[in-house]
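# here is my input; please provide its structure:
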Amino acid sequence: MTVSTFSVAMHITPIIYASLAVIKTLYTHGKRKTKKLKDRNEQQQATDDIFFDEAFHIVKSFILLGTENTVESLQAFTNTHVPAPPWTAVAPARIPLQSCNQAADLLMQWFGPEDLKRVVGGERWWQVRGLDGIDAEWIAEKSHLAKTVHIDAGRKYSEEEMLVMSMEQLETTMLYIHGGGYYWGSINTHRYQVIKYAHKIQGRAFTVNYRKAPQYPWPCPLHDVLAAYLYLIQPPPDATHKPIPPSKIVFAGDSAGGALCLTMLTVLRDLGRPLPAGAVLISPWVDLTHSFPSIHTNTATDIIPPHGFMNKPSVLWPVDPIKEGGRVARAHSDPLLKPCHADTPGANKNVTRDTAQVPPTDAEKHGDSTPSGSKQETSSSSASGVPLKPQDKASLFDGGKCNPAVRGHGRGQEQNRNPSNAVPIDDLAVNNKRGPSSNSIPDLDDIDFWQPNPPKVLMKNPQDVPLELRSQIQHYATTEQLSHSLVSPILQASLGNLCPLYILAGDGEVLRDEIVYLAHKAANPAEYPVREGVIRDGWRQKENAHKFSTPTKVHLQVYDGMCHVLTVFTFTSSADYAYHSIAEFAKHVTRRSAEHLDQNPFPVLQQTPGPDVPLCAMNGRSGDMLMIRERVDIHGRVRSMEPKKDIAALQLRPSEIGIIKEETLFKWLEGQEEWDRRFKYRATKVMKNRVKNEAKANSIIKNARLRGLLLAGEKDDLVERPIIGRSSATHGAIQEDRRWGPLDLVDEHPPPTAIAARRDTREALALLKKSIYHTAPATHKTIPRVKTVDVVFAAFDPNNAPFRPPRQSVSEQQTRTGMRCIHGMRMWQSIVSYFGRKVAVKAAEGTRRVGDALMETGDKAASTAKSAAVRSKEECRV
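Have a look, this model is predicted:
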């Protein structure tokens, strides 16, 4: 069953109504509170509120449902257009190709020719898109709009254009980047949150429906959000809005969106482009290697699935539904990696310096493996979650050599089926004497050994068999790219010289540690340097480490008991305080003078220093540095954060950050192996469908060639072909601003999931047809004619249209449904509103009771005073 309103309702209904739901939740909730009362435990938790407890399980159940369905199904559901409420002004917009090209030029300048080829895989494939721009929205509250708008009398304006012009007088503009693991979510899933921000900042918001992975992997989303910012500050001549000064713009984003905001800031900083007034990062996902401890310790208190984002196999994802040779193998390959692909084994048959281990302490070299606890001496085992037994590890995968050049997309490569290449499972046990001996362990300055880049894995024991990933584990980027600074911005050489950052995290979320580390790294660039391997491998990072040394002003708040993206739970006191604080920050940085902001980058919010912590220490003033470090309880009350020495995440060494660790590998692999077993037969069907789709793609290209398709640089030799002549093709056009298409990727090496280079998915076929027959790039000289038989077949194809461009990927184009009033996104908002009203009623009732009690106390006091006065008078008379 695909993800739909019906399936979501069927999935979460047991949580709300059935015996496995409200009955179970209410029972456990009541039992927990009864025990607390019995034990006289006065410690309050977020789940003490039954509404939050229920909402938490609803969201967690929905995300779990998404992992049990295909990527396309989840994307379609969360990218379905939902109408906005009547009290808001929502104006759709389209960021044009001109702005996209400007953003592409900036990214190409940032990477440079060598990294574009070696790391990204080319400069063309990530600029290919299906739509004629990027979908976006302007959002404001109708009561904030101007009553009159000055217009050009000689021009006719649409209703949407009038709305945009009526927002011009609003001073603060929020560019909001939504989250969703880089591969789901949209401006529709986050619209109600953005409406709340627009209301509180008394300004306007601009949201962007950036392209999603895995169809449009990194750097496609970064490309799109950068184009959105350029569209705001440098709009094309025909844009409805006027240029917005960067000092009036604040970035905001949650999860993946928060990381995109941060990454965009670093690109703008590096290229000397103007930065916005500030940025709000809500639970930003900044370490895609999952190298921090909370990834393992906070699983039970977060909404993120325990094994990460798995999905039911489809022609789109995973890259290898059936992985010959196993998903994990012994590391024995050359350390130089091919762009966007796992490196091919066999370059070096011996285990060499590229194997990955944890640097041993002196005690470990003498046989004591107990790690020290200091920041400089802590072994990576200090970041461990749940340790796995050797026999558990061996049972999780089929070790062996495989040919990772085989993408599993049905492109003609033969997969490695040689059973002699398999590594015996016994070879995968810990301390099996196959790893490096204690005498051969390299020195600590051997970066390749101690700081392995993905797909290499950091082993807890230096003498274990070193392992290497043979599968892509994240939708957003290939495994080799996970340690790049624009993929995992925690690996930026410096996060200094940025605009003021307001960073929020939940204490119960799995990303807590990397967020806390991020905030301190930005505020203290010298104290939290990046590991040496990143500096060595990246020319720009080497330059940035010395160039950007000015601390960034940071306000960090960690919310007690809250999970990932606490602002989703809008009815809680914590979220209410967060929305208020975010709005105050946005208004402060966009409406104050530069001189004032230089001394006061953050608004004065509720600040409660601890009994032994003075206010100046809480704010962390040291020279020109300013960092506010706070915790917020479940009632929205603020207190100072504990000293840095008491925060475990801040004790990690730089060499332990931004690498795939052994416990993280097996946590993912355990879930992936379960999905492989569960969908074994479907995976076989997926492989067959890929072959069929690729045959259709070859037919489309062949027929287009026969009907007149010519690319730039090709000779016009159509007279020698069976079908001659070229049609003017009134249904299509060559767009000069569209630089590249799927047929222009010769000598490019895009990631295996990139739709631009694929021919084995239905969405790839739609993109191919659109670029050939409807909106061709500038590299096409002609648009081929369409035969009558093609029009007839298209009329009966639900995924095609006779004269309109075929629907593009759901990772890019919004879907439409006739069930607008009962779509799941609107249902969720109704649930949230219901809980919000309930909480408000409870609060009002509590206030009324307090008031009644005070009045009653006052009446009693007045009566007592009156009686005392009467007695006093009587005594005086006597």
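# give the residue spans of this structure that score low on pLDDT.
For the chain, applying pLDDT under 70 flags the ranges 1-27, 29-33, 35-36, 39-43, 332-440, 606-625, 717-731, 799, 801-802, 818-878.
# grab the most central residue of it for me.
In the chain, the C-alpha closest to the average C-alpha coordinate belongs to residue 256, at a distance of 1.7 Å (C-alpha atoms, centre = their mean).
# wait, that residue touches residue 190, no?
No: counting by C-beta atoms under 8 Å, residue 256 sits too far from residue 190 to count as a contact (11.6 Å). Using the backbone N, CA and C atoms, a C-beta is placed for each residue, glycine as well.
# anything in contact with each of these two?
When contacts are counted by C-beta atoms under 8 Å, 6 or more residues apart in numbering, the set common to residue 256 and residue 190 consists of residue 179.
# are we agreed that residue 691 is in a helix?
Yes: using DSSP: H, G, I helix; E, B strand; the rest coil, the secondary structure at residue 691 is a helix.
# for it, the count of nearby residues, please.
Neighbour count for residue 691, taken as other C-beta atoms under 10 Å: 14.
# ok, now residue 55?
In terms of burial, residue 55 registers 20 neighbours under the definition other C-beta under 10 Å.
# same thing with residue 230?
A count of nearby residues for residue 230, using other C-beta under 10 Å, gives 22.
# distance check, it against residue 745.
Here the distance between residue 230 and residue 745 works out to 25 Å (C-beta to C-beta, to the nearest Å).
# now do residue 148
Using C-beta to C-beta, which is the criterion applied here, residue 148 is 51 Å from residue 745.
# kindly report the same for residue 304.
Relative to residue 745, residue 304 is positioned 35 Å away (criterion: C-beta to C-beta).
# same deal with residue 282?
From residue 282 over to residue 745 (counting by C-beta to C-beta), the distance is 36 Å.
# can you count the residues close to the nearest residue to residue 299 once chain neighbours are set aside?
Using C-beta to C-beta, 6 or more residues apart in numbering and skipping residues adjacent in sequence, the residue nearest residue 299 is residue 306, 4.9 Å away. Here the number of neighbours of residue 306 (other C-beta under 10 Å) works out to 13.
# ditto for the one 10 residues further on
By other C-beta under 10 Å, 27 other residues sit near residue 316.
# ok, it - contacts?
Contacts were defined as C-beta under 8 Å, 6+ apart; by that measure residue 316 touches 70, 71, 72, 214, 215, 753, 761, 763.
# mind listing what the residue nearest to the fourth one when sequence neighbours are not counted touches?
Beyond its immediate neighbours in the sequence, the residue positioned closest to residue 214 (C-beta to C-beta, 6+ apart) is residue 753, lying 3.7 Å away. Residues in contact with residue 753, defined by C-beta under 8 Å, 6+ apart, are 213, 214, 215, 217, 316, 317, 319, 472, 475.
# from residue 474, how far off is residue 753?
The gap separating residue 753 from residue 474 is 10 Å, by C-beta to C-beta.
# one more: residue 596?
Spatial separation of residue 596 from residue 474 under the definition C-beta to C-beta is 42 Å.
# neighbour count: those two, which is higher?
For residue 596 and residue 474, the more surrounded residue by other C-beta under 10 Å is residue 474, and the numbers stand at 25 against 11.
# can you confirm the more buried one is in a helix?
No: for residue 474, which was evaluated using three-state DSSP, the result is coil, with no helix membership.
# residue contacts, the residue nearest to it when sequence neighbours are not counted?
The spatial neighbour of residue 474 that comes closest, neighbours along the chain excluded (C-beta to C-beta, 6+ apart), is residue 288 at 5.4 Å. Remark: with contacts taken as C-beta under 8 Å, 6+ apart, residue 288 is in contact with 474, 476, 477, 482, 487, 488.
# also residue 683?
For residue 683, the contact set (C-beta under 8 Å, 6+ apart) comprises 313, 321, 322, 676.
# for the spatially closest residue to it that is not a sequence neighbour, helix, strand, or coil?
Here the nearest residue to residue 683 in space, its sequence neighbours aside, is residue 321; by C-beta to C-beta, 6+ apart that works out to 3.6 Å. At residue 321, secondary structure determined by three-state DSSP is coil.
# surely residue 321 touches residue 685?
No: using C-beta under 8 Å, residue 321 is not in contact with residue 685, being 9.1 Å away.
# who's more crowded, those two?
residue 321 (22 against 14).
# which SSE is immediately downstream of the helix or strand hosting residue 546?
Residue 546 is located in helix 539-547, with elements delineated by DSSP states H and E. The element immediately downstream of helix 539-547 (helix or strand, assigned by DSSP H and E) is strand 554-559.
# burial check on residue 714, number of neighbours?
As a burial measure, the neighbour count of residue 714 was computed by other C-beta under 10 Å and equals 12.
# and residue 258, by the same measure?
Burial of residue 258, expressed as a neighbour count using other C-beta under 10 Å, amounts to 31.
# swap in residue 259?
Neighbours of residue 259 under the rule other C-beta under 10 Å: 32.
# same thing with residue 298?
21.
# cool, residue 712 as well?
That count, for residue 712 with other C-beta under 10 Å as the rule, works out to 10.
# surely it meets residue 781?
Yes: contact between residue 712 and residue 781 holds when scored by C-beta under 8 Å: they sit 6.1 Å apart.
# hang on, isn't residue 580 packed against residue 201?
No: checked against C-beta under 8 Å, the pair residue 580 and residue 201 is beyond contact range at 10.6 Å.
# between the two, which is the more surrounded one?
Using other C-beta under 10 Å, the more surrounded residue of residue 580 and residue 201 is residue 201, with 28 against 14.
# please give me every residue in contact with the more buried one.
172, 174, 583, 586, 587.
# mind listing what the last one touches?
Residues counted as contacts of residue 587 (C-beta under 8 Å, 6+ apart) are 172, 201, 202, 203, 603.
# which strand or helix spans it?
Following DSSP H and E, one finds residue 587 within helix 573-591.
# quick one on the thing from earlier: and the residue nearest to residue 214, what element?
Following DSSP H and E, one finds residue 753 outside all helices and strands.
# if anything else comes up later, I'll come back, but that's it for now.
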